[in-house]
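In: Turn this into a structure:
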Amino acid sequence: MLSYDEAAARVTGKGQPMEVGDQTIGGVTYKVFANAPPTLREIFATARGFGDATFLVYEGERWSFADVMTHADALGSALVERYGIKVGDRVAIAMRNLPEWVISYAATLSVGAILVSLNAWWTEDELAYAIEDSGATVALADPERVARMTLTCQRTGARIIAVRSPADAGFADLVDRYEDVVELGRPLPEVAIGPEDDATILYTSGTTGAAKGAVSSHRAVVQALMAFGCRQFIEMVRYEGEPPAPPPAYPPSLILTMPLFHVTGCIPVMLSAFASGLKMVIMYRWDAEKALQLIESERVT
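Out: Predicted structure coming up:
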C-alpha cells in the first residue's frame, strides 16, 4: 500500500487527471488543479450527460439530471429575460432543502449572477440585513421565507420568485410564482463568465456581530470541488495491488442531512453529486429516524 503522500504525488503529477501546477492570479502564485473547468457553468453543463439517471429524491419526488437541467435552463432564461439579471448581479436563495434550491443554484451561477445563500433559520431582521447588505435584486424563496422577506423587498425593490406556493397565496405585487415565470423548454442564455468572476456569497454565523458575506469566485468553488474529488483518487491509488474489495451492492449515492445554505451541504455533498452523476436524497430537515428509513429504502451508500 502506498503512503498518502506517495499516492498524492502520483495522482497530481504531470499528465494526470488531477494534475497540480502553479498559476499566478492577481499577482499571487497558487497551486491549482490544471484540468479544472474554468467556471461552474461548465460543471452544470457536464451534468447534462447523465440524462435520465436519478439525481434528486425528495419525499415522493424523483428528479433526473435532465429534469433538473431543464428547469435550470428555464429559470436562467427567466432571470435574464424577465428580471434583467446580468453578470455580477446578486440573486438570493432563501428556502429550506428543496429541489428548487438546487435548480436555483445552477440557474443563477450559469447566467453569471452572484448567488447569495441566505440562512433559512434567520429571522425577518436577519434576512433584511443580508438582502440589503448583498444588494440582491431577485430572491427565490419558499412561502415561509417569502412572508419574512416581503416588507424588506418592497423597501429595496427586489423581486421575489416563490417556490411551492399555492396559486391563491395572495402575495404582494413584487412576488411571482415559480410556475408562472419558469417556462420549461426555454434555452439557457449565452453569457460570458470568467474564472475570477464572483460566484457566491455565503454569510458567516455572526457570533460576535452582524454576519459577514464571504465571497468566492468561480475558480475558488471549482477548485474546492476538485479537491474533494482528488481525495477519492488518492484513496483509490493507495490500495492498488491490494486484494480487490467485493463489488458494491448498490451504486454510490449521498444523503443530504445538512442545510444547502451551509458550505458543507452545498459543495461536498450537492455539487459533488452534480459533478459525479450521483443520486442525492434530500432531507427537508434533520430527523434521525427518517434518515435511517431513507438510507434503507434508497440504498444510500
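In: which residues touch residue 280?
Out: Shown in contact with residue 280 (CB atoms under 8 Å, 6 or more residues apart in numbering): 55-57, 253-256, 269-270, 273. C-beta coordinates here come from the backbone N, C-alpha and C atoms, glycine included.
In: What values do phi and psi take at the residue nearest to it when sequence neighbours are not counted?
Out: Of all residues not flanking residue 280 in the chain, residue 273 sits nearest, at 4.1 Å (CB to CB, 6 or more residues apart in numbering). With angles defined as degrees, to the nearest 10, residue 273 sits at phi -60, psi -40.
In: thought residue 273 was touching residue 255?
Out: No. With contact defined as CB atoms under 8 Å, residue 273 does not count as touching residue 255 (10.2 Å).
In: ok, these two, which is more surrounded?
Out: Taking neighbours as other CB atoms under 10 Å, residue 273 and residue 255 compare with residue 273 leading, 22 against 17.
In: what secondary structure does residue 35 sit in?
Out: coil (DSSP: H, G, I helix; E, B strand; the rest coil).
In: ditto for residue 5
Out: Secondary structure, three-state DSSP: residue 5 is helix.
In: So residue 269 is in contact with residue 262, correct?
Out: No. Shown here, residue 269 and residue 262 do not form a contact pair, counting by CB under 8 Å, at 9.6 Å.
In: Settle it for me: which of these two has more neighbours?
Out: residue 269 (21 against 13).
In: ok, back up a step: now do the contacts for the residue nearest to residue 280.
Out: Going by CB under 8 Å, 6+ apart, residue 273 touches 55, 254, 279-280.
In: Now the nearest residue to residue 59 once chain neighbours are set aside: phi and psi?
Out: Spatial nearest neighbour of residue 59, excluding adjacent residues (CB to CB, 6+ apart): residue 284 at 7.6 Å. The phi/psi pair for residue 284 (degrees, to the nearest 10) reads phi -60, psi -40.
In: And residue 145, by the same measure?
Out: Main-chain dihedrals, residue 145, degrees, to the nearest 10: phi -70, psi -30.
In: That one - how many residues pack around it?
Out: Using other CB under 10 Å: residue 145 sits among 24 other residues.
In: close enough to count as contact, it and residue 127?
Out: Yes. If you go by CB under 8 Å, residue 145 and residue 127 touch, sitting 7.1 Å apart.
In: what ranges do the helices span in the stretch 1-150 of the chain?
Out: 4-11, 40-47, 65-81, 99-110, 124-134, 143-156 (DSSP state H, counting those that start in this stretch).
In: packing partners for the third one?
Out: Of the remaining helices and strands, those touching helix 65-81 by 3 or more CB pairs under 8 Å, 6 or more residues apart in numbering; DSSP states H and E are helix 40-47, strand 54-58, helix 99-110.
In: Same check on the last one?
Out: Packing partners of helix 143-156 (3+ CB pairs under 8 Å, 6+ apart): strand 90-94, helix 124-134, strand 138-141, strand 159-162.
In: and it, which residues are buried?
Out: By neighbour count on 16 or more other CB atoms under 10 Å, the buried set for helix 143-156 is 143, 145-146, 148-150, 152-153, 156.
In: rewinding a little: residues near the residue nearest to residue 59, how many?
Out: The burial count for residue 284: 12, using other CB under 10 Å.
In: With the one 5 residues further on instead?
Out: Around residue 289 sit 7 other residues, with neighbours defined as other CB under 10 Å.
In: Now find how far off-centre the host helix or strand of it is within its chain.
Out: Assigned by DSSP states H and E, residue 289 belongs to helix 288-297. Remark: helix 288-297 is offset 23 Å from the chain centroid, using CA atoms, centre = their mean, to the nearest Å.
In: how far off strand 54-58 does that helix point, in degrees?
Out: Interaxial angle, helix 288-297 versus strand 54-58 (axes from the mean of the first three to the mean of the last three CA atoms, to 10 degrees): 150 degrees.
In: Angles on the backbone of the residue lying closest to residue 240 once chain neighbours are set aside, please.
Out: The shortest distance from residue 240 to any non-neighbouring residue, by CB to CB, 6+ apart, is to residue 2 (7.4 Å). Main-chain torsions, residue 2, degrees, to the nearest 10: phi -80, psi 150.
In: Narrow the contacts of residue 273 to those in strands?
Out: 55, 254, 279-280 (DSSP state E).
In: how about those, which pair is most distant?
Out: Using CB to CB, the two most remote members of these are 55 and 254, lying 10.6 Å apart.
In: more neighbours, those two?
Out: Counted by other CB under 10 Å, residue 55 and residue 254 do not tie: residue 55 has more neighbours, with 23 against 18.
In: I'd like the distance between that one and residue 112.
Out: 23 Å (CB to CB, to the nearest Å).
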